[in-house]
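*Asks:* Quick one: sequence and predicted model below, then my questions.
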Amino acid sequence: MAVAVLGGLAACTEAPRHPAARAAAAVPPLPRPRPAAPAAELRPEQLTGLSRSQALALLGPPEAATTQDMATVWRYRRGRCVLSLTFYPEVGTAGERVLGYEFADERHAAACLRRLREAGARHDR
């Protein structure tokens, strides 16, 4: 009986004799690709307080930039989607921050911002 048990154990620890069976056992399955994480949704009110570099990172370079008194206005346009960001000097620093924004059509501000952000992302490539 001991011989039968030892023989059975030896059969369990032996590698498969067929070469194809060994190759299949040695290769782990490939991991499934993960879908890309969507960019976090940006709400229009989150534009307030952005620095110039943050606005550039989100939206790319503006179509036009003008200076009005102490403010700098950047204008973005994508078809009928138009956004103006108004930067004012930040107290105590040399930087500027967005203190105002205006969409040509406030009813579609979120969709417009999404389009401008997608266009800005394509510009960075």
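*Replies:* Received the coordinates, thanks. Computed from a prediction, not measured in an experiment: that's the story for all the values here. Residues are numbered from 1 along each chain as shown.
*Asks:* secondary structure class for Ser84?
*Replies:* What DSSP: H, G, I helix; E, B strand; the rest coil gives for Ser84 is strand.
*Asks:* The one 4 residues further on too?
*Replies:* Following three-state DSSP, we place Tyr88 in the strand state.
*Asks:* What confidence value was assigned to the residue lying closest to His108 once chain neighbours are set aside?
*Replies:* Of all residues not flanking His108 in the chain, Cys81 sits nearest, at 7.5 Å (Cβ to Cβ, 6 or more residues apart in numbering). Every residue, glycine included, has its C-beta placed from N, CA and C. On the pLDDT scale, Cys81 is placed at 95.
*Asks:* Got the phi and psi for Cys81?
*Replies:* phi -80, psi 120 (degrees, to the nearest 10).
*Asks:* Can you verify my assumption that it contacts Arg107?
*Replies:* No. Counting by Cβ atoms under 8 Å, Cys81 stays clear of Arg107, with 11.8 Å between them.
*Asks:* So between those two, which is more surrounded?
*Replies:* Remark: of Cys81 and Arg107, Cys81 carries more neighbours, 19 against 8, as counted by other Cβ atoms under 10 Å.
*Asks:* Across the sheet, point out what pairs with that one.
*Replies:* With DSSP bridges as the criterion, Cys81 is bridged to Arg78.
*Asks:* helices and strands of the chain: which one bottoms out on pLDDT?
*Replies:* helix 2-13 (a mean of 50; mean pLDDT, DSSP states H and E).
*Asks:* wait, Cys112 sits on Asp105?
*Replies:* Yes. Using Cβ under 8 Å, Cys112 is in contact with Asp105, at 7.0 Å.
*Asks:* where does the protein have low pLDDT?
*Replies:* For the chain, applying pLDDT under 70 flags the ranges 1-40, 122-125.
*Asks:* hmm, try it at 80
*Replies:* 1-40, 121-125 (pLDDT under 80).
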